[in-house]
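Q: Pasted the sequence and its predicted model underneath.
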Amino acid sequence: MTTLGGGRIVDTQAKRHRRRHPPTLQKLESLEFGTPSQIILNIIESAVPSTLDSLLSSSTMQEEEIVLTIDLLKAEKAVMSTSPDIEKSYFFTFKGWEEIGYLIKQSLNLFHVQFPLRQGMPREELRNKLTLPPGSFNAVVDVLEESRVLRDFTSLIALTGHESHLTEEQSRISEVYVGNISKGKFSPRTDLEIDADILNFLLDKGQLVRVSDGIVFSSDAFKEMLDGVRSYISQHGEITVGDFRDIFHTSRKYALGFMDYLDQQQITRRVGDARILRD
């Protein structure tokens, strides 16, 4: 690109540079006089990750030339793309990709060591460690999941092969807790205390179902109530909190907590004071 005064612009997305900084001078020289491959590599190195749009706006190259250059760099294993569709892909230098992969594996491994009972690391926590925008982060996760480096549980991410497990003491504590919850059946105690990580472990494994902050049912009791609600609505068209309370001989607190949970899970829908099954 040439200015009205005849000067040449080689970096259209330039930030403030240090004067006479050798690496910067080398980069600018490459942008002006380098081969297409050198130009694209320099742009990707300075803006990780890059997209087709950012490559177009940061260079004077045409789209067709950029596409051909990207294909060449991918064949040479100099550039990594997250998708075969170049318009949807994010581009990394091969070195940059390896560094991101290493940081992800290191972060997840450390998290698993610190929190062995948790299914995985919160997605947003991992993204913040990488300082990647949501779009490129999701693309990276998709590639690493396809290559079986990690598992994506939507809100949580874990290394492939990670399995949460309880110690002998934690197993004893959980058995007592689950036993007490099960005894209460449709009216479980709400004053029982247990470590949050152990409780989350039991919820993840499907042994318990938490319908609200204070109410946890055994999975067997939950299934029995769910089947009962579906059957009652099929026969009567709807169910009220009072109907639920009478069917399962429980209090309004548990009936309301359970019915609200079914609404949240899109199983039922509230119509006035009653619930009906969603279509």
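A: Nice, I can see it. Predicted model, so just to flag it, every value in this text is computed and none were measured.
Q: surely Ile39 meets Ser59?
A: Yes - if you go by C-beta atoms under 8 Å, Ile39 and Ser59 touch, sitting 5.6 Å apart. For the C-beta atoms, the positions are set from N, CA and C on the backbone; glycine is no exception.
Q: For stretch 44-62, give the mean pLDDT please.
A: Across stretch 44-62, the average pLDDT comes to 90.
Q: Please point out which parts of it sit buried.
A: Buried residues in stretch 44-62, defined by neighbour count with 16 or more other C-beta atoms under 10 Å: 44, 46, 48-52, 54-55, 58-59, 61.
Q: Stretch 177-194 now?
A: 177-178, 181-182, 184-188, 194.
Q: Just flag the most distant two among those.
A: Phe186 and Ile194 (20.1 Å; C-beta to C-beta).
Q: element containing Ser57, please.
A: Using DSSP states H and E, Ser57 falls within helix 52-58.
Q: gap between that helix and the chain center?
A: 27 Å (C-alpha atoms, centre = their mean, to the nearest Å).
Q: Next up, the contacts around Gly228.
A: 247-248 (C-beta atoms under 8 Å, 6 or more residues apart in numbering).
Q: Now name the helix or strand holding it.
A: Short version, using DSSP H and E: Gly228 is in helix 219-236.
Q: Specify the next element, helix or strand, located C-terminal of that helix.
A: Taking DSSP H and E, what comes next after helix 219-236 is strand 239-240.
Q: Going along the chain, name the strands of the stretch 151-279 of the chain.
A: 156-159, 208-212, 215-218, 239-240, 268-271, 274-277 (DSSP state E, counting those that start in this stretch).
Q: Specify which member of the buried residues of stretch 177-194 is nearest to Gly96.
A: When those are compared against Gly96 (criterion: C-beta to C-beta), the nearest one is Ile194, at 43.9 Å.
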